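Engineer: For reference, the sequence and a predicted model appear below.
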Amino acid sequence: MGVNVFPAASGGASYSSQPPASASSVLLDGQLVTASSISTSVTGTGAPWLLYANGAGGATITVGSDTYSVVAGSTVGTSAYTGSKSVTIAPSVSSSPPATWTASTMPSASVWAGIAFGNGYFVSVEGAYTSSTVAAYSTNGVTWSSSTLPSSSAWQSVTYGNGYFVAIAGGGSTAAAYSTNGTTWTASTLPSSQFWASVAYGLIGATNYYVAVRGGTAINPGAYSTNGTTWTASTMPSSVKYQSVTFGNGYFVAVANTGSTGYSAYSTNGSTWTASNMPTADYWFAVGYGNGIYVATAISTANGAYSTNGTTWTTMTMPASGGWRSVGYGNGYFVSLNFSTATGAYSTNGNTWSAITMPTNNAWIGSAYGGGKFVAVEEGTTDGAYFSFQALPVAYGIYNGATVRA
């Protein structure tokens, strides 16, 4: 057609260089520079469209109810579209294992104690062993900004669900907080002063539940909330240090950091709990859920365990002994990070694990998955890390002109 770059449909720079020669007019042109998708509308003229991706990676383009996968540097033809159609463009997500991570920088050298993803934001809270008002948020898991929690407390854990980030504090506190955007926080109050250790969100039926468990000294309170703002006390089945809780397949599952006996528990409502047993006596420190499997890790040995029902567990072995302090899940992979070394591990089934290389030898606390990335925080420095399943930036174009459906 005699040109290398089409003008954008509504003016401005074009990103989709070297469009297909059969294209007759530009309907939409742009570039994705973060993991977030964009949604807009495009008006068809009764002709098929050409969907084009050019750049570091491909794109998934949804037109109305039709979804097309467009590999980088390729064109996909569509059906003929007439009238205004909703269009969503998202970077394609690869299936490469999350093995080698890239360093990022947190906004301050803090004891980052937890991380969650929701509503397009990664959010981390700071405290754990010391009191702080520091939190952080990021839209891409690479560049972070500071935010302020409503009280100076030993913030321990954060989760996301039903439009709310919910954070809890340990250190013998009743402090909790909630936020709709991860940037502005409102104080709430847990039902008793405890060493609250972990919080998780789950939807059971039509009811939203936020559930908190505690570590610290050996007593057995728990707490739950149906709105993330007001909390009710519950009772765990044993007087042990429940260190971590997760949700999946209709069950909240908690594991205990005891050392002498393998305690765990499960609940269908976060209020009434039933005792279960881990396969070995150990300091079970983390539990996560994904793809029908619960996975737990220990902090002092190479012991791990997995379960398909949250009640009976099978032993497995992590790649190194000790330091396993987190379990996350996303894009078909479990990820566990090591508190003691610059290592971690990933697994597709919760049983067989492969090593991860972290960018620094720090105390990695945990990771969260969202927007095509695993994002990790650690304790005590400004170091963060991420692994992206997406190749960015992605340039995209939608043109009139295809004569056949690809």
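Structural biologist: Good, I have the coordinates. Numbers count the residues shown, from 1 in each chain.
Engineer: what domains does the record give for the protein?
Structural biologist: Domain ranges of the chain: 25-92+391-400, 102-388, per automatic domain parsing.
Engineer: now the end-to-end length of the last one.
Structural biologist: According to CA to CA, to the nearest Å, domain 102-388 extends 9 Å from its N-terminal end residue to its C-terminal end residue.
Engineer: And stretch 23-40, by the same measure?
Structural biologist: 21 Å.
Engineer: Would you mind listing the buried residues in it?
Structural biologist: Ala23, Val26, Leu27, Leu28, Asp29, Gly30, Gln31, Leu32, Thr34, Ala35, Ser37 (16 or more other CB atoms under 10 Å). C-beta: built from backbone N, CA, C; applies to glycine.
Engineer: So which of those are in strands?
Structural biologist: Val26, Leu27, Leu28, Asp29, Gly30, Gln31, Leu32 (DSSP state E).
Engineer: about what we covered before: ranking the domains of the chain by mean pLDDT, which is last?
Structural biologist: Least confidently modelled of those is domain 25-92+391-400, at a mean of 90 by mean pLDDT.
Engineer: Show me which residues of stretch 293-301 are buried.
Structural biologist: So, applying 16+ other CB under 10 Å, buried residues of stretch 293-301: Ile293, Tyr294, Val295, Ala296, Thr297, Ala298, Ile299, Thr301.
Engineer: Stretch 342-352 too?
Structural biologist: Ala342, Thr343, Gly344, Ala345, Tyr346, Ser347, Thr348, Gly350, Asn351.
Engineer: go on, stretch 182-195?
Structural biologist: In stretch 182-195, counting by 16+ other CB under 10 Å, buried: Gly182, Thr183, Trp185, Ser188, Leu190, Pro191, Ser192, Gln194, Phe195.
Engineer: One more: stretch 234-250?
Structural biologist: Applying 16+ other CB under 10 Å to stretch 234-250 flags 234, 236-238, 240-248 as buried.
Engineer: now the buried residues of stretch 23-40 in TSV, with distance to Val287?
Structural biologist: Listed next are the buried residues of stretch 23-40 as TSV, based on distance: CB to CB, whole Å:
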residue	distance to Val287
Ala23	52
Val26	50
Leu27	48
Leu28	44
Asp29	46
Gly30	41
Gln31	40
Leu32	34
Thr34	31
Ala35	27
Ser37	31
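Engineer: Out of the residues you listed, the closest to Gly259 would be?
Structural biologist: Ala35 (39.9 Å; CB to CB).
Engineer: right, and that closest one touches Tyr369 too?
Structural biologist: No. If you go by CB atoms under 8 Å, Ala35 and Tyr369 don't touch, sitting 10.9 Å apart.
Engineer: List the contacts of Lys373.
Structural biologist: Contact analysis of Lys373 by CB atoms under 8 Å, 6 or more residues apart in numbering lists Ala35, Asn140, Gly141, Tyr386, Phe387, Ser388, Phe389, Gln390.
Engineer: let's see 6 Å
Structural biologist: Contact partners of Lys373, counting by CB atoms under 6 Å, 6 or more residues apart in numbering, are Ala35, Gly141, Tyr386, Ser388.
Engineer: From Thr382, how far out is the second one?
Structural biologist: I take that to be Gly141. Going from Gly141 to Thr382 by CB to CB, to the nearest Å gives 15 Å.
Engineer: ok, those two, which is more surrounded?
Structural biologist: The residue with more neighbours, out of Gly141 and Thr382, is Gly141; 29 against 15, by other CB atoms under 10 Å.
Engineer: Please identify which helix or strand holds that one.
Structural biologist: If you go by DSSP states H and E, Gly141 is not part of any helix or strand.
Engineer: Could you pull up the residues touching it?
Structural biologist: Phe122, Lys373, Val375, Tyr386.
Engineer: cool, and Ser152?
Structural biologist: Contacts of Ser152 by CB under 6 Å, 6+ apart are Ser131, Thr133.
Engineer: What strand or helix carries it?
Structural biologist: Going by DSSP H and E, Ser152 is part of strand 145-161.
Engineer: mind checking how far that strand is from the chain centre?
Structural biologist: What separates the centre of strand 145-161 from the centre of its chain is 16 Å, taken as CA atoms, centre = their mean, to the nearest Å.
Engineer: End to end on stretch 211-225, go ahead and measure it.
Structural biologist: 7 Å.
Engineer: let me redo that: stretch 293-311
Structural biologist: 11 Å.
Engineer: how far away is Ser79 from Ile38?
Structural biologist: Relative to Ile38, and taking CB to CB, Ser79 is found at 22 Å.
Engineer: residues contacting the residue nearest the centre of the chain?
Structural biologist: Central residue of the chain (CA atoms, centre = their mean): Tyr369, 2.6 Å from the mean position. Neighbour list for Tyr369: Gly328, Gly330 [criterion: CB under 6 Å, 6+ apart].
Engineer: Which element, helix or strand, includes it?
Structural biologist: Counting by DSSP H and E, Tyr369 is part of strand 364-370.
Engineer: After that strand, which helix or strand is next?
Structural biologist: Heading C-terminal from strand 364-370 (DSSP H and E), you reach strand 373-378.
Engineer: could you check the angle strand 364-370 makes with that following strand?
Structural biologist: Going by axes from the mean of the first three to the mean of the last three CA atoms, to 10 degrees, strand 373-378 is angled at 160 degrees with respect to strand 364-370.
Engineer: Tell me how far the nearest residue to Pro107 once chain neighbours are set aside lies from Ser138.
Structural biologist: Spatial nearest neighbour of Pro107, excluding adjacent residues (CB to CB, 6 or more residues apart in numbering): Ser146 at 4.4 Å. For Ser146, the distance to Ser138 equals 11 Å [CB to CB].
Engineer: Which one of those two is surrounded by more residues?
Structural biologist: Neighbours per residue, other CB under 10 Å: of Ser146 and Ser138, the larger number sits with Ser138, 24 against 15.
Engineer: just checking, the more buried one touches Trp144?
Structural biologist: Yes. With contact defined as CB atoms under 6 Å, Ser138 counts as touching Trp144 (4.6 Å).
Engineer: so who does the spatially closest residue to Gly366 that is not a sequence neighbour touch?
Structural biologist: In space, and not counting its chain neighbours, Gly366 is closest to Ser326: 3.4 Å by CB to CB, 6+ apart. Contact partners of Ser326, counting by CB under 6 Å, 6+ apart, are Ala286, Ser336, Leu337, Gly366.
Engineer: Sounds good, over and out.
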